[in-house]
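>>> give the three-dimensional model of this entry:
(chains A, B and C)
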Amino acid sequence: MKINQRHDWPLTAEEAIPIQQQLAKEVITSDELGTVQYVAGVDVGFPESGSITRAAVVVLSFPDLQLKEQAIAYRPTTFPYVPGFLSFREVPTVLDALEKLTIIPDLILCDGQGIAHPRRFGIACHLGVLADIPTIGVAKSLLVGKHEELPLERGTWKPLVHRRETIGAALRTRMGVKPVYVSSGHRVSLLTAIDYVMRCTTKYKLPETTRLADKLASNR
DNA sequence: GCGACAG
DNA sequence: ATCTTGTCGC
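Take a look at the predicted model:
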């Protein structure tokens, strides 16, 4: 698939802030997605002591979650890891991998936050806006916000609140296991996001999409 | 000013 | 993220 270039990639957080503020205006947190036939998962690894960025994308059929296609892309690493600016480090290479796909995914599950971000523009939002594809943020740990303790049952969740605003949810995908943090990326509401994350999760804490992408991104 | 801080 | 030994449970 072809993706339009929207902006140059900055090399510092200071230069990245204006870009986040501008693109954050384009984020849509209501449901603007059609029938989901293909769900994608993306993940990024940093081999060669971090000097190389390796992005992996897997496309699964939905709801049966069978692997249909995968792609991988590499770039020299140019942006450091700075909390709040993860997308500037990972998205350029992820877009390269997406462009190699034959199948255009109907939904993408990202490894990281969506709007559960200081400026409401986490990596899932950035990828969603640039690719113009519905995205959901699924993070393993918290960047901002807090939530009440949740019940132990699989599928239970509590609102993730930041500055008195609900920005996502802490979701228990497996009984008795630490929750994942789900938030809207682009063109997906929170409730719909929670539903898709549950439907993509089978026997592990993380969605199958993320697990397969992770295997491809970190393995060799 | 002092901590917290996705991957 | 990455590095990296042992340990716990099915």
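
>>> near DNA strand B, which residues of chain A?
Listed as neighbours of DNA strand B in chain A under the rule CB under 7 Å from any atom of the strand: A:43-44, A:46, A:81, A:83-87, A:111-113, A:117, A:122-123, A:137, A:139-143. Bear in mind the C-beta positions are built from the backbone N, C-alpha and C, glycine included.

>>> apply 6 Å and report the result again.
Within chain A, the positions adjacent to DNA strand B are A:44, A:81, A:83-87, A:111-113, A:117, A:122-123, A:139-143 by CB under 6 Å from any atom of the strand.

>>> which of those fall in strands?
Of those, the ones assigned to strands by DSSP state E are A:V44, A:D111, A:A139.

>>> on that earlier part again, now a PyMOL select for only the buried ones of the residues of chain A next to DNA strand B.
Per 16 or more other CB atoms under 10 Å, the buried members of those correspond to this PyMOL selection:
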select buried, chain A and resi 44+84+85+86+87+111+112+113+117+122+123+139+142+143
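
>>> now intersect the residues of chain A next to DNA strand B with the helices, please.
Within the residues of chain A next to DNA strand B, membership in helices is found for A:L86, A:S87, A:I123, as judged by DSSP state H.

>>> so what's the second one scoring on pLDDT?
Which is A:S87. pLDDT for A:S87: 98.

>>> kindly provide the distance from it to DNA strand C.
Between A:S87 and DNA strand C the distance, using CB to the nearest atom of the strand, to the nearest Å, works out to 14 Å.

>>> OK, contacts around that residue?
Neighbouring residues of A:S87 by CB atoms under 8 Å, 6 or more residues apart in numbering: A:G112, A:F121, A:G122, A:I123, A:C125, A:H126, A:L127.

>>> near the residue in chain A that DNA strand C sits nearest to, how many other residues are there?
Closest to DNA strand C within chain A is A:G45: 3.2 Å, counting by CB to the nearest atom of the strand. Neighbour count for A:G45, taken as other CB atoms under 10 Å: 19.

>>> off-centre distance for the worst-scoring helix or strand of chain A on mean pLDDT?
Within chain A, confidence by mean pLDDT, DSSP states H and E is lowest for helix A:208-218 among all helices and strands, at a mean of 92. On the basis of CA atoms, centre = their mean, to the nearest Å, helix A:208-218 sits 12 Å off its chain's mean C-alpha point.

>>> near DNA strand C, which residues of chain A? Just list them.
So chain A meets DNA strand C at A:G45, A:F46, A:P47, A:S218 (CB under 6 Å from any atom of the strand).

>>> which residues in chain A form helices?
Using DSSP H, helices in chain A cover A:13-24, A:86-99, A:123-131, A:190-199, A:208-218.

>>> nearest to A:S61, out of these?
helix A:208-218 (11.1 Å; CB to CB).

>>> hmm, A:V42 and A:L216 touching each other?
No. In this structure, A:L216 is not within contact of A:V42 by CB atoms under 8 Å, at 9.7 Å.

>>> related to what we said a few turns ago, quick one: the residue of chain A closest to DNA strand C from A:I72, how far?
For A:G45, the distance to A:I72 (CB to CB, to the nearest Å) stands at 10 Å.
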